[in-house]
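Chemist: Take this sequence and fold it.
(2 chains)
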2 protein chains.
Amino acid sequence: MSEQGKSCASFSPVKAQSASDMAKETGGQWNEFFSSVPEPAHFQESIAAVTKFISSKQADQSSRVVMVSSGGTTVPLEQLTVRFVDNFSSGTRGAASTEYFLERDYPVIFLYRAKSLQPYSRHIPSVLDLLELDETSAGVNVKSADVARTRLILEKYMKNKSSYLMITYETLGDYLWLLKGIAQALDCMGPRAMLYLAAAVSDFYVPIHDMPEHKMQSDRKPVIEFSLVPKMLLPLANIWAPNAFIVSFKLETDEDLLLPKALQALEKYQHDIVVANLLTTRKKWVTLVERTGKVTKLVNSTEDRDIEELIVNTVVDKHTEYIIGRPTAQESL
Amino acid sequence: MSEQGKSCASFSPVKAQSASDMAKETGGQWNEFFSSVPEPAHFQESIAAVTKFISSKQADQSSRVVMVSSGGTTVPLEQLTVRFVDNFSSGTRGAASTEYFLERDYPVIFLYRAKSLQPYSRHIPSVLDLLELDETSAGVNVKSADVARTRLILEKYMKNKSSYLMITYETLGDYLWLLKGIAQALDCMGPRAMLYLAAAVSDFYVPIHDMPEHKMQSDRKPVIEFSLVPKMLLPLANIWAPNAFIVSFKLETDEDLLLPKALQALEKYQHDIVVANLLTTRKKWVTLVERTGKVTKLVNSTEDRDIEELIVNTVVDKHTEYIIGRPTAQESL
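Modeler: Residues are numbered from 1 along each chain as shown, chains lettered A, B, ... in the order given. Next up is the predicted model:
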């Protein structure tokens, strides 16, 4: 058995029994979901890359690893997909958070929606307007007005690019397959692993057997009946990665629902933190709710700074407390 | 009355009477649609920019203008939108076609979905891997291996960037408002105007009064009933821009439907060309169907070339025939 296999086996979940029982109960729903949604292309390669990445970090006993999920999942409405339901997300939250985790020396597995924003390059929206032909050298340069800013971004990118691994998804099915696989691989890190779930994940989907094969025709009003996606946090926090520190995000549009929904989720799934945020103000303030019921409002008072810097710094402190409070991988061997 | 106003009034539609009558009939449906979907933000500014762009080209009697629509429309499912239905489209068709229209000296109004691919920059997917720090000059350069290719793209971009106007949309409603406004502005160019409709436009939507205000909750299976969007090509080809040359695209997944659907559309809407294509083979071949019933299959035999080059060159020839066969703006004054 590999080192990794050994350390995996050495952790035992300390979540409330009720959540664990519930997770077992929903096991059947999950088996059904995964058997009705095909494994994504390149799944095996992606998980192999993740395992290799984690192994390379694991040797350092103080190293932590975070998986950041980012962007919105798609829900195909046809088997040969022309139309799909999407969740609003440009990927700013995940891409920005990844940069701040890297600043705090966390290696990052960045699980992102294809073509959503990426760390560092998100700061350069219009590449061709940045460049100019240099006739002296017959080369291409960044325009002088943009040099200072671009150097800063490029320096950070070059310094950190080997510290994050990009894994891409498109559909809800791809996302959940990869999330499960990555969570299982990460659990070997014990409490030093963090799952930071910033992706906007659909609550509903159309099972493949309910989907038309071809593009829906437009000669009559379509009525689409969706099925509910089983609650992913339940097996994630109790079966797939019971030892990891888990931060979920909850986006609402109705402020009255924000706190009750966050507390309800923590009670039900027994994970660690919910970052609750409103669609319209999500770049200005968020509410961090812990499993203990502790509530912290984080307010970004300046536009020069990303609110993700505040969120990540706070979450990293909470992660440190979590690790101190639980046996480390080393101690439990 | 402005020059532009005068030349507009001087054209009279020569479409079949039946289509024209049908267009009048659907007028009511369109009024209803536009009254239930708010004008997009910056609508007036966008149309003012379009009018200015067209005026600057109109002076040259031989100048043509094409509007290229690109990307997929979104259909919001909530008033404060978290979820929406999207149409599959990365925007390659529209962005590539725009480049080839510019090569053929067409000024282009590029009506594109926010964050979909853009002309020229579509060739540079990963900006940060292209750049390197130059410590001698304290600048930033494109890496030598990529210089030749980047120079070529940048030269074309700089040569042509003042010849295309970028107008952006997100939702189906934004798209249709802008399409109508641009078509009406373009009709003053008479037959020298072309509308090249490469955007993937939803056939259905949820009217605002049927939409929940807040994010749908996930405690029960959602069932969504969509309304049909009135057929946009009918007023477009018969009321908004009856003089323009109009090319539409039809994407299907079932090959058997390709030709019958294209012929049916041309008969019904009386526009000029349908480019019919299949989801799986759309980069390799398309079928160009004309109002006369003439069918031409365009096959891209090499991977080094975009099929859009073939499509645009063929469509430009057809446009020339169309202009010759109809009074020009000058002659009809």
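Chemist: Flag the shaky bits of the stretch 1-150 of chain A, pLDDT-wise.
Modeler: A:1-19, A:27 (pLDDT under 70).
Chemist: what's the spacing between residue A:170 and residue A:71?
Modeler: Note on residue A:170: its distance to residue A:71, by C-beta to C-beta, to the nearest Å, is 9 Å. (Each C-beta comes from the backbone N, C-alpha and C, glycine too.)
Chemist: Show residues contacting stretch A:279-288.
Modeler: When contacts are defined by C-beta atoms under 8 Å, 6 or more residues apart in numbering or on different chains, stretch A:279-288 is touched by residues A:88, A:93, A:251-253, A:258-259, A:262, A:273-277, A:295-300, A:307, A:311, A:314-315, B:80, B:82, B:215.
Chemist: Can you say which of those residues are buried?
Modeler: A:88, A:93, A:251-253, A:258-259, A:262, A:273-277, A:298, A:300, A:307, A:311, A:314-315, B:80, B:82, B:215 (16 or more other C-beta atoms under 10 Å in any protein chain shown).
Chemist: which ones are touching the residue lying closest to residue A:97 once chain neighbours are set aside?
Modeler: Here the nearest residue to residue A:97 in space, its sequence neighbours aside, is residue A:308; by C-beta to C-beta, 6 or more residues apart in numbering or on different chains that works out to 4.6 Å. Residue A:308 makes contact with A:92, A:93, A:96, A:97, A:99, A:100, according to C-beta under 8 Å, 6+ apart.
Chemist: swap in residue A:295?
Modeler: Each residue near residue A:295 by C-beta under 8 Å, 6+ apart is listed here: A:259, A:287, A:288, A:289.
Chemist: Need the phi and psi values for it.
Modeler: Reported as degrees, to the nearest 10, the phi and psi values for residue A:295 are phi -120, psi 130.
Chemist: In PyMOL, how would I select the buried members of the contacts of residue A:308?
Modeler: Here is the PyMOL command that picks out the buried ones among the contacts of residue A:308, judged by 16+ other C-beta under 10 Å:
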select buried, chain A and resi 92+93+96+97+99+100
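Chemist: can you tell me which of the contacts of residue A:308 are in strands?
Modeler: The subset of the contacts of residue A:308 located in strands under the criterion DSSP state E is empty.
Chemist: For residue B:140, state which of the contacts of residue A:308 is nearest.
Modeler: For residue B:140, the closest of these turns out to be residue A:99, at 18.9 Å, with distances computed as C-beta to C-beta.
Chemist: Give me the nearest residue to the closest one, chain neighbours excluded.
Modeler: Counting by C-beta to C-beta, 6+ apart, the nearest residue to residue A:99 once its immediate chain neighbours are dropped is residue A:119, at 5.0 Å.
Chemist: How about residue A:154?
Modeler: Leaving aside its sequence neighbours, residue A:154 sits nearest to residue B:131 (C-beta to C-beta, 6+ apart; 5.6 Å).
Chemist: Does the one you found touch residue B:140 like I think?
Modeler: Yes: in this structure residue B:131 lies within contact range of residue B:140 using C-beta atoms under 8 Å: 5.4 Å.
Chemist: shared neighbours of these two, which are they?
Modeler: When C-beta under 8 Å, 6+ apart defines a contact, the residues bordering residue B:131 and residue B:140 alike are A:142, A:150, A:154.
Chemist: Mind giving me the packing neighbours of the helix or strand containing residue A:160?
Modeler: Using DSSP states H and E, residue A:160 falls within helix A:144-160. The helices and strands touching helix A:144-160, judged by 3 or more C-beta pairs under 8 Å, 6 or more residues apart in numbering or on different chains; DSSP states H and E, are helix A:92-103, helix B:127-130, strand B:131-134, strand B:139-142.
Chemist: Buried deepest among those, which one?
Modeler: Between these, the one whose residues have the most neighbours on average, counting mean count of other C-beta atoms under 10 Å in any protein chain shown, is helix A:92-103 (a mean of 25).
Chemist: now that one, how far from the centre of its chain.
Modeler: Average the C-alpha atoms of helix A:92-103, do the same for its chain, and the two points are 11 Å apart (C-alpha atoms, centre = their mean, to the nearest Å).
Chemist: Give the residue spans of the stretch 151-300 of chain A that score low on pLDDT.
Modeler: Applying pLDDT under 70 to the stretch 151-300 of chain A flags no residue at all.
Chemist: and it, which residues reach chain B?
Modeler: Within the stretch 151-300 of chain A, the positions near chain B by C-beta under 8 Å from any C-beta of the partner chain are A:151, A:153-155, A:157-158, A:200, A:202-204, A:213-215, A:218, A:220-228, A:251-254, A:257, A:279-280.
Chemist: what pairs with the residue nearest the centre of chain A across the strands?
Modeler: Residue closest to the mean C-alpha point of chain A, counted by C-alpha atoms, centre = their mean, is residue A:69 at 1.6 Å. Listed by DSSP bridges, the beta-bridge partners for residue A:69 are residue A:111, residue A:197.
Chemist: Likewise for residue A:223?
Modeler: Per DSSP bridges, the residues bridged to residue A:223 are residue B:225.
Chemist: Just the buried positions in the longest helix seen in chain A, please.
Modeler: When chain A is parsed with DSSP state H, its longest helix is helix A:17-36. Within helix A:17-36, the residues that qualify as buried by neighbour count (16+ other C-beta under 10 Å) are A:19, A:20, A:22, A:23, A:26, A:30, A:33.
Chemist: Toward the C-terminus from it, list the very next helix or strand.
Modeler: Following helix A:17-36 in sequence order, the next helix or strand is helix A:43-58 (DSSP H and E).
Chemist: which parts of that next one are buried?
Modeler: Within helix A:43-58, the residues that qualify as buried are A:46, A:47, A:50, A:51, A:53, A:54, A:57, A:58, counting by 16+ other C-beta under 10 Å.
Chemist: Out of the residues you listed, flag the one nearest to residue B:41.
Modeler: For the buried residues of helix A:43-58, the minimum distance to residue B:41 (C-beta to C-beta) is 39.2 Å, reached by residue A:46.
Chemist: quick one: the closest one from residue B:322, how far?
Modeler: Distance of residue A:46 to residue B:322, given as C-beta to C-beta: 51 Å.
Chemist: How about residue A:221?
Modeler: Computed as C-beta to C-beta, the residue A:221 to residue B:322 distance reads 36 Å.
Chemist: Of the two, which one has the most company?
Modeler: When neighbours are counted by other C-beta atoms under 10 Å in any protein chain shown, residue B:322 comes out ahead of the other of residue A:221 and residue B:322, with 17 against 10.
Chemist: Contacts only, for residue A:293.
Modeler: Neighbours of residue A:293 in contact, by C-beta under 8 Å, 6+ apart: residue A:263.
Chemist: Residue A:274 versus that one, what's the distance?
Modeler: Distance check for residue A:293 against residue A:274: by C-beta to C-beta, it reads 11 Å.
Chemist: Now do the shared contacts for the two.
Modeler: Contact criterion C-beta under 8 Å, 6+ apart; residues shared by residue A:293 and residue A:274: residue A:263.
Chemist: Which of the helices and strands packed on helix A:144-160 sits closest to residue A:247?
Modeler: Taking C-beta to C-beta as the criterion, helix A:92-103 is the member of the helices and strands packed on helix A:144-160 that comes nearest to residue A:247, at 9.7 Å.
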